[in-house]
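Novice: Pasting the sequence and the predicted model now:
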Amino acid sequence: MRVSVAMPLPVSTASSPRAAVWLRALLGTAVAYFLSSGALELYAALHCPLAYTADFLYDDAYYYLGVAEHLARGQGSTFRAPLHTNGYQPLWLLLLAGLAYTFALGTKGLFAVTIALTFVIKLGAILSARRELALALVVCIGWMQFVFSL
């Protein structure tokens, strides 16, 4: 005998049809902003020098790029030889190193791949959430990108 433990989805927090329309409009605007800013970041990552796009990723991302590049070249787990490291999340690093090895990507290529992958992950989180949560995710992600780019 199968027992289902699925919980019903909560009713929308919008108290009136007018509020629901505003919520959809706000979410649509936020998603459009998110998509356009992500496309702009990816374009800049591909076509501008790294010095101009350094604020698109946080500090630790560059650490991953360096270690992934060394792994792809067969130089081991190091950011700067001869010092070896293991201070990273292995799955993300192996994904980057595998892409760097397969497609012979340098730092700039890995930078663009990182921008694209993080964009896809954020977009997936937003699209898989309910409207209210998606709006909160878009606002929080956008706010964090703004604050950390200052």
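Specialist: Received, thanks.

Novice: going forward, measure contacts between C-alpha atoms and count neighbours the same way
Specialist: Noted.

Novice: Can you list phi and psi of Ala104 for me?
Specialist: With angles defined as degrees, to the nearest 10, Ala104 sits at phi 50, psi 50.

Novice: Contact partners for it?
Specialist: The contact partners of Ala104, by CA atoms under 8 Å, 6 or more residues apart in numbering, come to none.

Novice: Please tell me how far it sits from Leu71.
Specialist: 12 Å (CA to CA, to the nearest Å).

Novice: buried stuff in the helix or strand hosting Tyr33?
Specialist: In the assignment (DSSP states H and E), Tyr33 maps to helix 17-47. Of all the residues in helix 17-47, those buried under the rule 16 or more other CA atoms under 10 Å are Leu23, Leu27, Ala30, Val31, Phe34, Gly38, Glu41, Leu42, Ala44, Ala45, Leu46.

Novice: what about the helices in the protein?
Specialist: Along the chain, counting by DSSP state H, helices occupy 17-47, 50-53, 59-72, 90-103, 107-127, 131-148.

Novice: Of all the ones you listed, which one comes closest to Leu83?
Specialist: helix 59-72 (11.0 Å; CA to CA).

Novice: Show me which residues of that closest one are buried.
Specialist: The neighbour-count check on helix 59-72 (16+ other CA under 10 Å) flags Tyr62, Tyr63, Tyr64, Leu65, Gly66, Val67, Ala68, Glu69, His70, Leu71, Ala72 as buried.

Novice: Out of these, which is nearest to Ala116?
Specialist: Closest approach between those and Ala116, by CA to CA: Leu65, at 13.8 Å.

Novice: check contacts around that closest one.
Specialist: Leu96, Thr107, Leu110, Phe111.

Novice: now these: which count as buried?
Specialist: Buried among those (16+ other CA under 10 Å): Leu96, Leu110, Phe111.

Novice: So which of those is the closest to Arg18?
Specialist: Ranked by distance to Arg18 (CA to CA), those are led by Phe111 at 43.0 Å.

Novice: per-residue confidence at that closest one?
Specialist: Looking at Phe111, its pLDDT stands at 86.
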